[in-house]
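K.L.:
below are the sequence and a predicted model; questions follow.
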Amino acid sequence: MSTQPEFPMESPLLSDQTRGVRSKPRPVASWREHHGWSAGSSLRRLMSRPVGTLLTVAVMAIALALPLTFYLLLGNLQKMGDALGQNQTISVFLQPGQGGSAADLMARKLRDHSDVASVTVKTPAQGMDELAKMQGFSGALHTLDNNPLPFVLEVLPTPGASADSVDRLVADMRDMQGVDQVQDSGTWRQRLEALLGVGKRAVLVLAVLLAVAVLLVVGNTVRVDIASRSEEIGVLMLVGASRAFVRRPYLYAGIWYGLFAGVLAAGFAVAVELALADPVARLGKVYAGKLQVDVLPPWLLAAVPVAAAVLGWLGARLVSAWQLRKAA
Amino acid sequence: MSTQPEFPMESPLLSDQTRGVRSKPRPVASWREHHGWSAGSSLRRLMSRPVGTLLTVAVMAIALALPLTFYLLLGNLQKMGDALGQNQTISVFLQPGQGGSAADLMARKLRDHSDVASVTVKTPAQGMDELAKMQGFSGALHTLDNNPLPFVLEVLPTPGASADSVDRLVADMRDMQGVDQVQDSGTWRQRLEALLGVGKRAVLVLAVLLAVAVLLVVGNTVRVDIASRSEEIGVLMLVGASRAFVRRPYLYAGIWYGLFAGVLAAGFAVAVELALADPVARLGKVYAGKLQVDVLPPWLLAAVPVAAAVLGWLGARLVSAWQLRKAA
Amino acid sequence: MCSPLRPEPAAANSHKAPDLLASIPYPCGIRDWGCAVIRFDQVSKRYEGGHEALSQLSFEVAAGEMAFVTGHSGAGKSTLLKLLGLIERQSHGVITLDGQNLSKVGRAGIPKLRRRLGMVFQDHRLLMDRTVAANVELPLMIGGMAPAERNKRVRAALEKVGLLAYERQLPATLSAGEQQRVGIARAIVAKPMLLIADEPTGNLDPSLAVEIMDLFAEFQQVGTTVLIASHDLPLIKKMKKRVIVLDHGRLVADVAAQEVL
Amino acid sequence: MCSPLRPEPAAANSHKAPDLLASIPYPCGIRDWGCAVIRFDQVSKRYEGGHEALSQLSFEVAAGEMAFVTGHSGAGKSTLLKLLGLIERQSHGVITLDGQNLSKVGRAGIPKLRRRLGMVFQDHRLLMDRTVAANVELPLMIGGMAPAERNKRVRAALEKVGLLAYERQLPATLSAGEQQRVGIARAIVAKPMLLIADEPTGNLDPSLAVEIMDLFAEFQQVGTTVLIASHDLPLIKKMKKRVIVLDHGRLVADVAAQEVL
Ligand SMILES: Nc1ncnc2c1ncn2[C@@H]1O[C@H](COP(=O)(O)OP(=O)(O)OP(=O)(O)O)[C@@H](O)[C@H]1O
Ligand SMILES: Nc1ncnc2c1ncn2[C@@H]1O[C@H](COP(=O)(O)OP(=O)(O)OP(=O)(O)O)[C@@H](O)[C@H]1O
Ligand SMILES: [Mg+2]
Ligand SMILES: [Mg+2]
């Protein structure tokens, strides 16, 4: 017993004289290492129970796909609305006394208005022709020798103009000198606006519900994940792991869930796009090719997985903070 | 040792001479008892972790509320479409030679048509008045001494008539003797039909997604529930529990989840109804009170929790059957 | 009915059912005294990893007999008991339990068979979210016993292991030895025809261990067959019961009760 | 530095640090030989249920000392060790560990403290979804050791408990005794300054138990303080180390190593 006893580990370890594990502090390297390990092991863990992972990812993907789908639908509705709105001309009837030069002057003035896209001058003769055609008794009115119709300006508002600005335009024109009457086929626009109003309100309600749903699904999944591994967490903390260390694999799991769900959701959205292509194309025919399907921009499709991963991380972070507080 | 040794349980148990637990077979009573116990204990278990239960129920409720909301939206859209459709009259221009009696005869004939709601006869004088008012040059046409306008029948199709049947009606009227021309302001209806076509297609796509989502959420929740209790299940099976016995509390948990989620979803749907009431009312004003909000019928609101409970039970049944197959 | 293949217990193996038992009418009535309840015939168990935990094991345990299984750590004691509870299946050979070939027991038959056994597990296997009483009550509940009788039996069993005072507590609030005794109470509460205990005294102090062993012996007195895996040699010697010794999965000694020193 | 309150070990208690140890330079260098590493001062622990598991416990364990804690099932052995690992907190009294008042250790300090301890748990506490080697590696990974050195140490520790062959297996495929030894390997792999073992030989056969105890003694030889809870009296007697005896939470005897018969 005169010789100093060896430390009861094999010889290669005897060279290190300090006790414990922190023989050579290497915080950055070990931090990087554990991040890599956490990412890898959490991924392997998800892969090791493919059915469960797929179920969870699918639920999250659907929650993510729905807002995308609504975005798509609303975009297309808006386009349709615009397309419908584009056909709406406002007829400005000049007073019977006003001649062609007055009409041209007025037309030029109106063309400068920011909400006006184009102005067409209709002579009394053109008006009579049109009236005859429109009312279905061709030729009958041509027998009239004295054309009683006034000059009419057909004003087309700019395509994007809102109902309000068009209303203001109509009021402006009513106040112009030499104008007898302004006829705005406004019910059309009014009806459409009302319809879109309902649609927008509904989409808003649904979007709120869905945002809540995404958060709930991510949070719930991670919560359950952590709850089912409470034993593992307990063991890790018993052998000296810090909270950050314990949490790391769960945060990565959240990121993975989000990433996969995001990719799947983007895929769903593209599928919906394709499903919508056919009816929208048929609708397009009504407008003789004026309507193009509104598709999701590629940047958005790419952003979805990233945003979902961030959301997954966030959900995992929140829930894990709350649950680890209960652990010893 | 000449006396027979007592069974090593206390005296009240010695009276029963048989071994094991099935001393007096009472299958029905014990079955009922275990059902009651399962229902109660699974409910207590859910209540003991309120946050987790609430999260799960909320996710399920949202998945259930969405189809309800779509049902509501589609119903209201359809109503709006009908309302818009109701304003669509078809103008039948008779040949110039046809007099008032011929017009009345034709009107009477048309009123018998199943797709026709009402027919109004417009005399040439009325036509001229209207034309004058409509075109904005009041009085000007009255100076004409020879009225060139024909008799016109204003035909209003029955409110619920489809675009197809109205098309057929128009074709029928075109073929009638003495009819010069039939003018159907059909683009209106065509546009609306196209719009509703897109909407219906979209709702179908979403409804499928949501049905999948409901099943996934229920299944996933129960799966995770069972996975996190795999140890408990193992213990129960080790002491002789049958699969049906082990499964029972999970089935009840599924029922409870479904029931709560269903009640919450019905609440959500009512909230959406209220949120929609305002814009629909505004839309209603456009039609001068013709439009009423389409609300969810009470039987549907009552059916949702029941259906959800059944769905929860089904999800639990499927997943538990699959998961217990893996247990020893 | 004895299995026809069975040699006379006293002849083939070096043990005999104690005379005392012969005088007691066995309540079950389906087996003869001294007849083999457990019969291993060239049983081997190779785990998936390739490790042969048991190899060519042959022995019999008579009805109403109490026997110890001992051996070093990893010798195969737990594996042997797990085969009897159908927790694992043997790779080769035939195991007969109460005249029933265990290889023939299908999935539906397992719960029925387990309800006739009382098992004490090396890792306790308690339900951590139910009280001690609820844990002990489990086999009775599964068996469909009436609540009043259940309650009586549970209290009797808990009293036997000295834990009646802990009735309403959760297992997590008990010491390891107390948890182990809850497991023992659960195993005996249904008065099984066969008691299988895996290291039932591993967490108990010597005097308590003797008490528990005496409890098992009491059960043997009324005809229950008892098989206990243990590495506690002093305790085993003290009990003076048959000892089956395993070494790396092989039966290396089978010492009859009378021959235990 | 000794805590100033500390009485001379040989004076206050009936034990003395073995002479042998005095000649060995302690590698850590932050404490004097024979100085109290563990100091319990009137410590009581009352669990939420109202049960008083420990009452007014006072004793010291010197640096480099090896001591057993024994007592009946439910005496409070595990509770005592849990207080040292900050798994439970005492209700009254002061516990000092290596000069640090444990009541003053906050949530952030717990992991740091635990990294300096090696704990063997009565219920093993292994991660069932990681291999044996990964389980043993845990403390090193948490400590941030480089992979190559980690691997060396893990193999050395597994070799010490005779489980190097099981390196790649999952704990579920090991026998209870093998699992227990994995837990021991995990406790020693980081060369802790204090080893706390709760019933480390409860699932081991007598000869293996002696081997494991000898391993703990080897650690003591290089200056590690070792505290072992055990109910295995023959084994404790054989080891000839200090024995602290609990009875219903009270210290009823504290036998110095030399006085163990
Ligand atoms: N599921 C399994 N898969 C692979 N090998 C296993 C499995 N279970 C046990 N083994 C191995 O079989 C051998 C016997 O294990 P068993 O549990 O029967 O030992 P034991 O005698 O009960 O030991 P102990 O006294 O330590 O409990 C051990 O070497 C063990 O590693
Ligand atoms: N979490 C807890 N809540 C309430 N009481 C507890 C708790 N943990 C332990 N006890 C009680 O405290 C007493 C001491 O428990 P402890 O685990 O320290 O005993 P032990 O000496 O380790 O026994 P064993 O040898 O059986 O492991 C026991 O009576 C136990 O019932
Ligand atoms: Mg074993
Ligand atoms: Mg203990």
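P.N.:
Ah, there it is. Ligands and ions are numbered 1, 2, ... in the order given.
K.L.:
would you mind giving the domain segments of chain A?
P.N.:
Annotated domains of chain A cover A:12-83+A:192-327, A:89-184 [automatic domain parsing].
K.L.:
dump those domains into a markdown table; add mean neighbour count and distance to chain B as well.
P.N.:
(C-beta placed from N, C-alpha, C; glycine too.) Formatted as a markdown table, the domains of chain A follow (neighbours: other CB atoms under 10 Å in any protein chain shown; distance: least, CB to the nearest CB, whole Å):
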| stretch | mean neighbour count | distance to chain B |
| --- | --- | --- |
| domain A:12-83+A:192-327 | 19 | 4 |
| domain A:89-184 | 16 | 4 |
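K.L.:
adding distance to ligand 3, write those out as a markdown table.
P.N.:
Formatted as a markdown table, the domains of chain A follow (distance: least, CB to the ion, whole Å):
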| stretch | distance to ligand 3 |
| --- | --- |
| domain A:12-83+A:192-327 | 21 |
| domain A:89-184 | 79 |
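K.L.:
take those domains and write them to a markdown table, including mean pLDDT.
P.N.:
Formatted as a markdown table, the domains of chain A follow (pLDDT from 0 to 100):
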| stretch | mean pLDDT |
| --- | --- |
| domain A:12-83+A:192-327 | 75 |
| domain A:89-184 | 75 |
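K.L.:
which of those domains sits closest to chain D?
P.N.:
Closest approach to chain D among those (CB to the nearest CB): domain A:12-83+A:192-327, 2.8 Å.
K.L.:
please enumerate the helices of the stretch 101-250 of chain A.
P.N.:
Assigned by DSSP state H, counting those that start in this stretch, the helices in the stretch 101-250 of chain A fall at A:124-135, A:163-175, A:186-228, A:230-238, A:243-286.
K.L.:
nearest to ligand 4, of the domains of chain A?
P.N.:
domain A:12-83+A:192-327 (15.1 Å; CB to the ion).
K.L.:
who in chain C is up against ligand 1?
P.N.:
Counting by CB under 6 Å from any ligand atom, chain C comes close to ligand 1 at C:47-49, C:51, C:53, C:71, C:73-79, C:122, C:231.
K.L.:
tell me the one of the residues you listed nearest residue D:118?
P.N.:
Distance to residue D:118, by CB to CB, is smallest for residue C:73 among the residues of chain C next to ligand 1, at 20.9 Å.
K.L.:
tell me the contacts of the closest one?
P.N.:
The contact partners of residue C:73, taken as CB atoms under 8 Å, 6 or more residues apart in numbering or on different chains, are C:231, D:175-178, D:181, D:203-205, D:208.
K.L.:
keep only those of those residues that are in helices.
P.N.:
D:176-178, D:181, D:208 (DSSP state H).
K.L.:
just name the closest of these to ligand 3, please.
P.N.:
Looking across the ones in helices among the contacts of residue C:73 and measuring by CB to the ion, the closest to ligand 3 is residue D:176, at 4.3 Å.
K.L.:
narrow the residues of chain C next to ligand 1 to just the buried residues.
P.N.:
Buried members of those, counted by 16 or more other CB atoms under 10 Å in any protein chain shown: C:51, C:53, C:71, C:73-79, C:122, C:231.
K.L.:
can you redo the residues you listed as a markdown table with pLDDT and secondary structure?
P.N.:
Formatted as a markdown table, these follow (pLDDT from 0 to 100; DSSP: H, G, I helix; E, B strand; the rest coil):
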| residue | pLDDT | secondary structure |
| --- | --- | --- |
| C:51 | 82 | coil |
| C:53 | 94 | strand |
| C:71 | 94 | strand |
| C:73 | 91 | coil |
| C:74 | 91 | coil |
| C:75 | 94 | coil |
| C:76 | 95 | coil |
| C:77 | 96 | helix |
| C:78 | 95 | helix |
| C:79 | 96 | helix |
| C:122 | 89 | coil |
| C:231 | 92 | coil |
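K.L.:
which of those lies closest to ligand 3?
P.N.:
Nearest to ligand 3 among those: residue C:78, at 3.0 Å, using CB to the ion.
K.L.:
residue ranges with poor pLDDT in the stretch 101-250 of chain C?
P.N.:
For the stretch 101-250 of chain C, not a single residue meets the criterion pLDDT under 70.
K.L.:
those strands in it, which residues are they?
P.N.:
Assigned by DSSP state E, counting those that start in this stretch, the strands in the stretch 101-250 of chain C fall at C:117-120, C:194-198, C:225-229, C:242-247, C:250-255.
K.L.:
compare the ones you listed and report which one is nearest to chain D.
P.N.:
Evaluated over the strands of the stretch 101-250 of chain C, closeness to chain D peaks at strand C:194-198, with 8.0 Å, by CB to the nearest CB.
K.L.:
picking that back up, highest neighbour count among the contacts of residue C:73?
P.N.:
Counting neighbours by other CB atoms under 10 Å in any protein chain shown, the top entry in these is residue D:181, with 32 neighbours.
K.L.:
which residue does chain C have closest to chain A?
P.N.:
Of all residues in chain C, residue C:128 sits closest to chain A, at 10.2 Å by CB to the nearest CB.
K.L.:
doesn't residue C:173 make contact with that residue?
P.N.:
No: the pair residue C:128 / residue C:173 is not scored as a contact, 10.0 Å apart, by CB atoms under 8 Å.
K.L.:
so which of the ones in helices among the contacts of residue C:73 are also by chain B?
P.N.:
The subset of those lying close to chain B, counting by CB under 8 Å from any CB of the partner chain, is empty.
K.L.:
now do the buried residues in stretch C:120-139.
P.N.:
With burial defined by 16+ other CB under 10 Å, the residues of stretch C:120-139 counted as buried are C:120-127, C:130-139.
K.L.:
check whether that stretch contacts ligand 2.
P.N.:
No: against ligand 2, stretch C:120-139 shows no contacts by CB under 6 Å from any ligand atom, the least distance being 10.1 Å.
K.L.:
how about the residues of the stretch 51-200 of chain C that lie near ligand 3?
P.N.:
Applying CB under 5 Å from the ion, we find that the stretch 51-200 of chain C lies next to ligand 3 at C:78, C:122.
K.L.:
quick one: the helices in the stretch 51-200 of chain C?
P.N.:
Secondary structure of the stretch 51-200 of chain C (DSSP H, counting those that start in this stretch): helices at C:77-84, C:109-114, C:132-143, C:147-160, C:176-188.
K.L.:
out of these, which is the most enclosed?
P.N.:
Scoring these by mean neighbour count under mean count of other CB atoms under 10 Å in any protein chain shown gives helix C:176-188 as the most buried, with a mean of 26.
K.L.:
packing partners of that one?
P.N.:
Applying 3 or more CB pairs under 8 Å, 6 or more residues apart in numbering or on different chains; DSSP states H and E, one finds that helix C:176-188 makes contact with strand C:117-120, helix C:132-143, helix C:147-160, strand C:194-198, helix C:206-221.
K.L.:
could you give the angle of the second one to helix C:147-160?
P.N.:
Same thing as helix C:132-143. Counting by axes from the mean of the first three to the mean of the last three CA atoms, to 10 degrees, helix C:132-143 lies at 130 degrees to helix C:147-160.
K.L.:
may I have helix C:132-143 as PDB, with CA atoms only?
P.N.:
What follows is helix C:132-143, C-alpha atoms only, in PDB (Å, rounded to 0.1, in the frame of the first residue of the first chain):
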ATOM      1  CA  VAL C 132     -52.000   1.000  -3.500                       C
ATOM      2  CA  ALA C 133     -55.400  -0.500  -2.900                       C
ATOM      3  CA  ALA C 134     -56.400   0.000  -6.500                       C
ATOM      4  CA  ASN C 135     -53.300  -1.700  -7.600                       C
ATOM      5  CA  VAL C 136     -53.900  -4.700  -5.400                       C
ATOM      6  CA  GLU C 137     -57.500  -4.800  -6.500                       C
ATOM      7  CA  LEU C 138     -56.600  -5.100 -10.200                       C
ATOM      8  CA  PRO C 139     -56.700  -8.900 -10.600                       C
ATOM      9  CA  LEU C 140     -60.100  -9.000  -8.700                       C
ATOM     10  CA  MET C 141     -61.500  -6.300 -10.900                       C
ATOM     11  CA  ILE C 142     -60.400  -8.000 -14.000                       C
ATOM     12  CA  GLY C 143     -61.900 -11.200 -12.700                       C
END
